[in-house]
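Enquirer: Next input, structure requested:
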Amino acid sequence: MTEPHILCTDLVRIFTADGVEVQALQGLNLRVDPGEMVAVVGASGSGKSTLLTILSGLDTATAGVARVAGHDLLTMGSRERVAYQRRTVGFVWQQTSRNLLPYLTAGENLALAMNVARTHRGADRARRVDELLELTGVGEARDRRPAELSGGQQQRVAIAVALANAPLVLLADEPTGELDEATSAAVLEAMRGVNEELGVTTLIVTHDATVSDHVRRTVQIRDGRTSTEVLRSTRLDEHGAEEHVAEEFAVLDRVGRLQLPHEFVQNLQLRDRVRLALESDHVGVWPGHDGAADGVAPAASDDTAASDDTDDGTAPDPGTEEER
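Expert: Residues are numbered from 1 along each chain as shown. The predicted structure is shown next:
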């Protein structure tokens, strides 16, 4: 099996302030294979930005495993960390002011990144600058400074800068957070084009709902853990027309824990504890406060079994009712 480019296992990050501990990540698990383009979504405070700062080498996890392209981020020394940030990962910030130096042109920003890492010298460097700017759709911006570019152009130049030294992994923190919907779509499309053309593994942290139109896999983080994943694919219907299919799954960790979708918990008023029943091909989940004896799952009628079953620890297909 191919080693993943990003692997997090039981990842924990605890911050301490004024004697109070805050667990930003609480045993997060994530795997991203080479060449994948994945979006990580979640509410403010869910831990998604903390995850990205760890993967970028800007922060260190408290416990667990975090590996990127063969680098162990928890044991990495300072010299390896510098080389890792220069050549293994590229990073795009939400704020354009953090991505580009305002007194340099777009081409000079790319050339500076190569100069710092000592890659692509002379004519090869100039060719690399032109290739990346053309790939991200801003070839005409080569000789312009950031203030002379639109927000979308600035972010596409920032993507080119992040790719200057041919990293294996591209990380982006809310790359469309300061852009309007149309411009956001153009930036996400540029990132997808880069992913397909160069094969660079891409992880985007965002709250942008339109990201689902540009990636095949979306991972949701809730309370510092990965909770659900949505996988998208295309298939042909009975008439031969192409249709897009999205399937939602709950994430099951190594010890069998999963998070039920928030709407399931609310709709069924689940709290404190629930009843479980193992069937031949699924696990049934019932509220534990409906008056039935503890540890005894209510008998399911044929109709209930047909419409209310939770498939083997995974979240249901959005169009199917599942057993609670």
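
Enquirer: make it CA atoms for all contacts and neighbour counts henceforth
Expert: Fine.

Enquirer: Quick check, H207 in contact with A43.
Expert: Yes. If you go by C-alpha atoms under 8 Å, H207 and A43 touch, sitting 7.4 Å apart.

Enquirer: So between these two, which is more surrounded?
Expert: H207 (19 against 13; other C-alpha atoms under 10 Å).

Enquirer: Is G27 inside a helix or a strand, and which specific one?
Expert: G27 is part of strand 20-32 when elements are defined by DSSP states H and E.

Enquirer: what lines up beside that strand in the sheet?
Expert: Sheet pairing here is set by DSSP bridges, and for strand 20-32 it gives strand 6-17 (antiparallel).

Enquirer: Please identify the buried residues of the strand it pairs with?
Expert: Within strand 6-17, the residues scored as buried using 16 or more other C-alpha atoms under 10 Å are I6, L7, C8, T9, D10, L11, V12, R13.

Enquirer: What are the phi and psi values at the nearest residue to R216 once chain neighbours are set aside?
Expert: In space, and not counting its chain neighbours, R216 is closest to R232: 4.7 Å by C-alpha to C-alpha, 6 or more residues apart in numbering. Main-chain torsions, R232, degrees, to the nearest 10: phi -120, psi 140.

Enquirer: Confirm for me that R232 is in contact with F249.
Expert: No. When contacts are counted by C-alpha under 8 Å, R232 is not listed as touching F249 (11.3 Å).

Enquirer: any idea how far the helix or strand where V187 lies is from the chain center?
Expert: Using DSSP H and E, the element containing V187 is helix 181-198. Computed by C-alpha atoms, centre = their mean, to the nearest Å, the chain-centroid distance of helix 181-198 equals 15 Å.

Enquirer: Run me through the strand neighbours of whichever helix or strand comes after that helix, direction for each.
Expert: Next in sequence after helix 181-198, counting helices and strands by DSSP H and E, comes strand 201-205. Applying DSSP bridges, strand 201-205 is found paired with strand 37-41 (parallel), strand 169-173 (parallel).

Enquirer: Columns distance to V283 and pLDDT on top of the buried residues of strand 6-17, output as a markdown table?
Expert: Shown next, in a markdown table, are the buried residues of strand 6-17 (distance: C-alpha to C-alpha, whole Å; pLDDT from 0 to 100):
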| residue | distance to V283 | pLDDT |
| --- | --- | --- |
| I6 | 31 | 97 |
| L7 | 28 | 96 |
| C8 | 27 | 95 |
| T9 | 25 | 94 |
| D10 | 24 | 93 |
| L11 | 27 | 95 |
| V12 | 29 | 95 |
| R13 | 32 | 95 |
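
Enquirer: in the chain, which spans are strands?
Expert: Taking DSSP state E as the criterion, the chain carries its strands at 6-17, 20-32, 37-41, 63-68, 71-72, 89-92, 169-173, 201-205, 217-222, 225-236, 242-250, 274-278, 283-287.
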